[in-house]
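Asker: give me the fold of what follows.
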Amino acid sequence: MKEEIRKKHLNLRSRMSKEEQEKKSQLIYEKIVSCEEYKNADKVFVYIDMGSEVKTKSLIKKAWQDKKTVAVPVTRKNRVMYFIRIKDFDNLIKTKFGTEEPTGEIDEQILPDDKTLFIVPGSVFDESKNRCGYGGGFYDTYIEKHNIKKPIGICYDFQVLKEIQTEQFDRKMFKIITEERIIE
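Answerer: Alright, predicted model coming up:
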């Protein structure tokens with residue numbers, strides 16, 4: 001059931017036009033930079049978008065402009081994920097999954113703290129702030145391991161359902177931001 005819902009919504013997302021993705025991503029970006037979690041953050045942990053995901057490069061550029069430390073995820077086998085600081089988009093490599101990652105190793109990772117804005121992608125969310133990711137468990141594992149208290153899920157509004165099936169290791173979001181609303 002969970003896999004079918006994930007597939008259906010990722011398919012719907014991939015059918016959006018580039019213009020629609022950009023327009024909705026811009027509205028989400030505006031909501032993010034207006035929220036207290038962004039204003040109070042020293043660090044911004046955020047993914048680099050690929051495909052039809054909510055676009056994040058404007059957010060990254062804004063965070064650099066605002067003198068915030070930006071860190072993006074690097075993934076390895078066995079649900080290992082860590083965040084490496086980036087200061088530009090120049091030294092990124094494309095992984096076999098098509099994501100762009102910095103070249104840093106785990107001993108160069110930056111750790112989150114109470115002044116970190118932690119942005120999370122997903123395939124589907126629900127109105128109770130539950131999240132269904134992409135099936136790898138990377139974010140759930142990281143949120144649990146580092147005790148992230150205020151993860152913020154971002155997605156297009158059609159990706160938010162009334163209710164989704166969850167499992168014990170699924171981590172709830174603190175907030176979900178779409179182009180139409182903020183679910184708190």
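
Asker: at the geometric centre of the protein, which residue sits there?
Answerer: When Cα atoms, centre = their mean is applied to the chain, the residue found nearest the centroid is Val120 (2.5 Å).

Asker: what score does that one have for pLDDT?
Answerer: Per-residue pLDDT puts Val120 at 97.

Asker: list the contacts of it.
Answerer: By Cβ atoms under 8 Å, 6 or more residues apart in numbering, the contact set of Val120 is Tyr47, Arg131, Gly133, Tyr139, Ile143, Pro151, Ile152, Gly153, Ile154, Met173. Bear in mind the C-beta positions are built from the backbone N, C-alpha and C, glycine included.

Asker: possible to save those residues as JSON lines with neighbour count and distance to Gln165?
Answerer: Compiled in JSON lines, the contacts of Val120 are given as follows (neighbours: other Cβ atoms under 10 Å; distance: Cβ to Cβ, whole Å):
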{"residue": "Tyr47", "neighbour count": "20", "distance to Gln165": "24"}
{"residue": "Arg131", "neighbour count": "25", "distance to Gln165": "12"}
{"residue": "Gly133", "neighbour count": "19", "distance to Gln165": "13"}
{"residue": "Tyr139", "neighbour count": "25", "distance to Gln165": "17"}
{"residue": "Ile143", "neighbour count": "20", "distance to Gln165": "19"}
{"residue": "Pro151", "neighbour count": "25", "distance to Gln165": "19"}
{"residue": "Ile152", "neighbour count": "22", "distance to Gln165": "22"}
{"residue": "Gly153", "neighbour count": "28", "distance to Gln165": "16"}
{"residue": "Ile154", "neighbour count": "29", "distance to Gln165": "21"}
{"residue": "Met173", "neighbour count": "25", "distance to Gln165": "16"}
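
Asker: pick the one among those closest to Arg85.
Answerer: Nearest to Arg85 among the contacts of Val120, counting by Cβ to Cβ, is Tyr47 at 14.4 Å.

Asker: let me see the ranges of the strands in this protein.
Answerer: Ranges of strands within the chain are 43-45, 69-76, 80-86, 92-94, 100-102, 116-120, 124-126, 131-132, 151-154, 160-161, 175-177, 182-183, based on DSSP state E.

Asker: was I right to think Tyr139 contacts Met81?
Answerer: Yes - counting by Cβ atoms under 8 Å, Met81 is a contact partner of Tyr139 at 7.3 Å.

Asker: picking up where we left off before, tell me how far the residue nearest to the centre of the chain lies from Tyr38.
Answerer: To Tyr38, Val120 is 14 Å away according to Cβ to Cβ, to the nearest Å.

Asker: any regions of this structure where pLDDT drops low?
Answerer: Along the chain, segments meeting pLDDT under 70 are nowhere present.
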